[in-house]
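Enquirer: sequence unknown, structure follows:
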């Protein structure tokens, strides 16, 4: 499987090159599928979109607890948007994703993904900022 590629001469403020369109599309497909699994409360399927290393470090029960406690917008996602993506290594990227919950709160999540034989897999995530609001 090819490593992620950067857009020609595109570099983010972090100094890391930005992802090309194919990488962004693959990352978005993984995030979309995982968020759909969370919305269906199918944590087993959602865990399947995590990297092999991450999956080996958690149980299904602890994964559910982490997501519902630390990432409520992700657990109850109604919509999302990829805000940016940067190549951070030979087969790793970091992607900033805005996730809005069904209740209207929004979190910016920095997803770290790794390219595995099955495609992009989530290797970790951090909440960057939460914006509280109500859906109109």
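Expert: Cool, the structure landed. Bear in mind the structure is a predicted one, so any value in this text is a computation, not a measurement.

Enquirer: most centrally placed residue in the protein?
Expert: By C-alpha atoms, centre = their mean, the chain has its centre lying nearest to residue 111, at 3.9 Å.

Enquirer: where is the longest helix in the chain?
Expert: Among the segments of the chain that qualify as a helix by DSSP state H, the longest is helix 21-39.

Enquirer: other SSEs contacting that helix?
Expert: helix 43-48, helix 72-75, strand 77-89, strand 92-101, strand 106-116, strand 119-131 (3 or more C-beta pairs under 8 Å, 6 or more residues apart in numbering; DSSP states H and E). Every residue, glycine included, has its C-beta placed from N, CA and C.

Enquirer: sheet partners, orientation included, of the fourth one?
Expert: Partners of strand 92-101 in the sheet, by DSSP bridges, are strand 77-89 (antiparallel), strand 106-116 (antiparallel).

Enquirer: give me whichever of those strands is most buried.
Expert: Mean neighbour count, computed with mean count of other C-beta atoms under 10 Å, is highest for strand 106-116 among those, reaching a mean of 20.

Enquirer: and that one, how far out from the chain middle?
Expert: How far strand 106-116 lies from its chain's middle: 3 Å, per C-alpha atoms, centre = their mean, to the nearest Å.

Enquirer: could you check the angle helix 21-39 makes with it?
Expert: Here the directions of strand 106-116 and helix 21-39 differ by 120 degrees (axes from the mean of the first three to the mean of the last three C-alpha atoms, to 10 degrees).

Enquirer: spit out the contact partners of residue 60.
Expert: Under the criterion of C-beta atoms under 8 Å, 6 or more residues apart in numbering, the neighbours of residue 60 are 43-44, 47.

Enquirer: can you pull out the low-pLDDT segments for this protein?
Expert: 1-15, 129-136 (pLDDT under 70).

Enquirer: go again using 80 as the cut-off
Expert: Across the chain, the ranges flagged by pLDDT under 80 are 1-16, 128-136.

Enquirer: and residue 74, what is it in contact with?
Expert: By C-beta under 8 Å, 6+ apart, residue 74 lies in contact with 35, 38, 67, 99, 107, 109, 125.
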